[in-house]
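**Q** build me a model:
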Amino acid sequence: MSLAALSERLHAINDILCAIALLLWDSRVAMPAGGAETRGAQIATLTRLARDHLVDDATRRALEGALKQTAGLPADSASRRMVEHVRAAVDFHRRIPAGLAARRAGMRASANRAWDAAKSANDFALFAPYLSETIEAARAFADAAGFAAHPYDALIQLYEPDETIKDLRRLFAALREGLQPILRSAIDRPAPRRDFLSRDCPETEQRALAGRLARLFDYDQARGRIDASVHPFEISLTRQDVRITTHYRSDFLATSLFGTLHEIGHALYEQNVDPAYSRSALASDLIGLYAVGGTSFGAHESQSRLIENHLGRSLCFWQLHFDLVRQAFPQAMGDVSAAEFYAAISATKPGPIRIEADELTYDFHIMLRVELEADLMAGRLQVADIPEAWNSAMREALGVEIEEDRFGCLQDIHWSSGMIGSFCTYTIGNVMAAQLQQAALAQVPDLASHLACGDYRPLLAFLRDAIWQHGRRFSRDELLERATGRRLELAPYLTYLAAKYGPRAA
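**A** Presented below is the predicted three-dimensional model:
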């Protein structure tokens with residue numbers, strides 16, 4: 001009975017987390033600007049309620065009984081893993097003052113609005129006070145959570161358990177070394193034609209095209225929807241309601257195309273979590289207090305980057321599907337071939353915007369942000385100095401000059417959402433995606449032939465079996481070992497990039 005009682009408690013907690021997610025979705029999609037202050041209070045109240053429900057005596061009594069009830073089960077059984085997740089979350093939140101948890105959650109809506117206004121006005125000073133408060137709260141959180149070597153580690157592990165800044169720096173050093181020769185080779189190539197990427201493509205037709213792309217990959221729009229937002233995102237309100245947004249620019253079609261493909265990857269993960277895990281600790285992040293079924297943000301990013309890059313940025317994909325673009329925009333794209341379009345979207349050109357970066361320069365954006373965040377958390381960098389530090393780092397990493405903060409330190413929503421520590425998961429996702437794609441090609445019969453004719457079902461089935469269905473039951477590296485026989489490794493990612501961009505690919 002203890003396990004059943006604990007499950008009932010978890011159902012209620014998950015319902016609260018989904019209500020928070022719905023308020024967050026509304027704040028980024030439909031909420032009027034004047035609602036930010038009270039929306040922050042609403043989210044803070046619900047966050048406190050979820051946290052209190054998790055650590056109260058009734059949950060702890062049920063947990064104690066469930067631990068005894070599941071002690072004899074296999075270590076990786078769903079029930080035992082669920083109970084262990086709850087125990088870890090209860091222990092964690094007992095270390096975090098309730099007021100601090102509510103404060104961090106409540107800051108999101110008002111900080112999001114301040115960031116949006118600052119970006120629109122190209123005025124970092126409008127956002128700086130909110131970011132200062134966010135960093136102050138993050139440091140207090142790290143002190144309460146505890147860390148062995150660096151306060152940033154406590155934040156990283158909210159999104160990527162067991163990762164540390166020390167380990168990330170080791171990965172990044174190897175990645176930089178491996179990327180540099182490939183990047184030099186790609187930059188030296190003749191620049192392809194790109195004029196058509198900035199031609200006028202009306203938003204109405206872009207919306208319709210986003211829906212067609214979603215259907216290619218079986219994103220179930222009876223259990224989801226596609227909306228517009230300043231910054232694309234996916235949000236899960238259980239597997240029965242998984243929503244995505246994209247950003248439409250009439251003068252740059254690629255933004256919505258690849259924003260949509262990216263978020264579809266996230267959505268497929270959430271829509272395909274085992275139904276038995278719904279409203280449980282295997283479909284909720286009880287430590288981060290997010291309604292998310294993926295085992296880590298890096299694992300989640302691996303699915304979005306696989307769909308966006310390995311499929312959506314391949315020549316094969318556009319040879320099959322470029323007619324969708326031409327039909328949607330006959331005037332803008334009528335004189336463009338699939339090969340020309342592929343060459344344009346694959347061209348390597350260092351630029352200021354992360355979400356518009358090519359595959360070779362993308363990770364430099366991530367590594368830059370991780371180092372700035374680590375310095376902020378350690379007190380080596382002050383908020384007022386961020387624009388200068390950002391611009392200097394971009395110049396050193398990619399030779400890019402930042403002329404306006406809206407194209408620099410104001411471009412991402414993450415800091416206004418309090419997501420300090422999450423940026424590393426994009427690069428981890430890139431590395432993991434390549435490892436999974438390599439394994440799928442080796443294990444799924446005739447997969448390359450299926451992809452060549454636009455049949456994505458065998459690949460989706462592989463990902464469903466290997467990753468999606470398991471929710472939070474297995475860790476990132478456990479999933480990788482089960483699917484590929486190895487923990488996270490860099491080699492497949494560098495092999496993929498070298499094959500696409502290196503000297504032999506020219």
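**Q** contacts for the helix or strand encompassing F172 next, please.
**A** Using DSSP states H and E, F172 sits within helix 165-187. Residues from elsewhere that reach helix 165-187 (C-beta atoms under 8 Å, 6 or more residues apart in numbering): 149-150, 152-153, 156, 348-350, 360-361, 363-364, 367, 370, 374, 424, 427, 431, 490, 493-494, 497-498, 501-503, 506. All C-beta atoms are positioned from the backbone trio N, CA, C, and that covers glycine.
**Q** give the contact list for M367.
**A** Residues near M367 by C-beta under 8 Å, 6+ apart: 172, 175-176, 397, 427.
**Q** just to revisit the earlier point, of the contacts of helix 165-187, grab the buried ones for PyMOL.
**A** Buried members of those, defined by 16 or more other C-beta atoms under 10 Å, are picked up in PyMOL with:
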select buried, resi 150+152+153+156+348+349+350+360+361+363+364+367+370+374+424+427+431+490+493+494+497+498+501+502
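**Q** any idea how far C18 is from S236?
**A** 8 Å (C-beta to C-beta, to the nearest Å).
**Q** re earlier: now, the contacts of helix 165-187 that are in helices?
**A** 152-153, 156, 360-361, 363-364, 367, 370, 374, 424, 427, 431, 493-494, 497-498, 501 (DSSP state H).
**Q** which intervals of the stretch 1-150 of the chain have sub-threshold pLDDT?
**A** Low-confidence segments of the stretch 1-150 of the chain (pLDDT under 70): 1.
**Q** can you give me the strands in it?
**A** Here the stretch 1-150 of the chain has no strands by DSSP state E, counting those that start in this stretch.
**Q** can you map out the helices along it?
**A** Here the stretch 1-150 of the chain has its helices, by DSSP state H, counting those that start in this stretch, at 2-29, 36-55, 57-70, 78-95, 98-121, 124-145.
**Q** tell me which of those helices lies nearest to H300.
**A** Nearest to H300, of all the helices of the stretch 1-150 of the chain, is helix 2-29, at 14.4 Å by C-beta to C-beta.
**Q** can you tell which of the helices of the stretch 1-150 of the chain is closest to S417?
**A** Ranking those by their distance to S417 (criterion: C-beta to C-beta) puts helix 98-121 first, at 5.4 Å.
**Q** so who does S417 touch?
**A** 108, 111-112.
**Q** ok so, going back, which neighbours do C18 and S236 have in common?
**A** Shared contacts of C18 and S236 (C-beta under 8 Å, 6+ apart): A291.
**Q** more crowded one of these two?
**A** S236 (27 against 20; other C-beta atoms under 10 Å).
**Q** for that one, grab phi and psi.
**A** Dihedral pair for S236: phi -110, psi 130, per degrees, to the nearest 10.
**Q** from V273, how far out is it?
**A** Counting by C-beta to C-beta, the gap from S236 to V273 is 9 Å.
**Q** any stretches of the stretch 251-400 of the chain with poor pLDDT?
**A** Checking the stretch 251-400 of the chain against pLDDT under 70 turns up nothing.
**Q** can you give me the helices in it?
**A** For the stretch 251-400 of the chain, applying DSSP H, counting those that start in this stretch gives helices covering 253-271, 297-305, 315-328, 330-333, 338-346, 359-378, 386-398.
**Q** three-state assignment of H231?
**A** Secondary structure state of H231, per DSSP: H, G, I helix; E, B strand; the rest coil, is coil.
**Q** isn't it up against D412?
**A** Yes. In this structure H231 lies within contact range of D412 using C-beta atoms under 8 Å: 7.2 Å.
**Q** for the residue nearest to the spatial centre of the chain, list the residues it contacts.
**A** For the chain, the residue nearest the mean C-alpha position is E301 (4.7 Å; C-alpha atoms, centre = their mean). Each residue near E301 by C-beta under 8 Å, 6+ apart is listed here: 425-426, 428-430, 432-433.
**Q** mind listing what's buried along stretch 302-315?
**A** Neighbour counts over stretch 302-315 (16+ other C-beta under 10 Å) mark 302-314 as buried.
**Q** distance to D335 added to those, as TSV?
**A** Formatted as TSV, the buried residues of stretch 302-315 follow (distance: C-beta to C-beta, whole Å):
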residue	distance to D335
S302	37
Q303	35
S304	32
R305	31
L306	32
I307	29
E308	26
N309	27
H310	28
L311	26
G312	23
R313	22
S314	23
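**Q** quick one: low-confidence parts of the stretch 401-506 of the chain?
**A** Checking the stretch 401-506 of the chain against pLDDT under 70 turns up 504-506.
**Q** quick one: the helices in it, in order.
**A** Taking DSSP H, counting those that start in this stretch as the criterion, the stretch 401-506 of the chain carries its helices at 424-443, 447-452, 457-466, 476-484, 491-501.
**Q** just those: most buried one?
**A** Across these, averaging neighbours per residue (mean count of other C-beta atoms under 10 Å) puts helix 424-443 on top, at a mean of 22.
**Q** for it, C-alpha coordinates in CSV please.
**A** Output of helix 424-443 as CSV, limited to C-alpha atoms (Å, rounded to 0.1, in the frame of the first residue of the first chain):
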residue,chain,number,x,y,z
CYS,A,424,26.1,23.0,-21.7
THR,A,425,23.3,20.6,-22.5
TYR,A,426,23.2,21.8,-26.1
THR,A,427,26.7,20.6,-26.8
ILE,A,428,26.1,17.4,-24.8
GLY,A,429,23.1,16.9,-27.0
ASN,A,430,25.1,17.4,-30.1
VAL,A,431,27.6,14.8,-29.0
MET,A,432,24.9,12.3,-27.9
ALA,A,433,22.9,12.7,-31.1
ALA,A,434,25.8,11.7,-33.2
GLN,A,435,26.5,8.7,-31.1
LEU,A,436,22.9,7.6,-31.3
GLN,A,437,22.6,8.2,-35.0
GLN,A,438,25.8,6.2,-35.6
ALA,A,439,24.3,3.3,-33.5
ALA,A,440,21.0,3.5,-35.3
LEU,A,441,22.7,3.2,-38.7
ALA,A,442,24.7,0.2,-37.5
GLN,A,443,21.7,-1.6,-35.8
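**Q** what's it packed up against?
**A** When contacts are defined as 3 or more C-beta pairs under 8 Å, 6 or more residues apart in numbering; DSSP states H and E, helix 424-443 packs onto helix 151-159, helix 165-187, helix 297-305, helix 359-378, helix 447-452, helix 457-466, helix 476-484, helix 491-501.
**Q** adding distance to H262, write these out as TSV.
**A** What follows is those, written out as TSV (distance: least, C-beta to C-beta, whole Å):
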stretch	distance to H262
helix 151-159	17
helix 165-187	20
helix 297-305	5
helix 359-378	11
helix 447-452	18
helix 457-466	15
helix 476-484	19
helix 491-501	17
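**Q** of all those, which one is nearest A210?
**A** Among these, the nearest to A210 by C-beta to C-beta is helix 297-305 (14.8 Å).
**Q** so the closest one versus helix 424-443, what angle?
**A** Calculated by axes from the mean of the first three to the mean of the last three C-alpha atoms, to 10 degrees, helix 297-305 forms an angle of 60 degrees with helix 424-443.
**Q** just the angle between helix 297-305 and helix 491-501, please?
**A** Angle of helix 297-305 versus helix 491-501, following the same axes, to 10 degrees, is 30 degrees.
**Q** how far off helix 253-271 does helix 297-305 point, in degrees?
**A** Using the same axes, to 10 degrees, helix 297-305 lies at 130 degrees relative to helix 253-271.
**Q** please consider this matter closed, and thank you.
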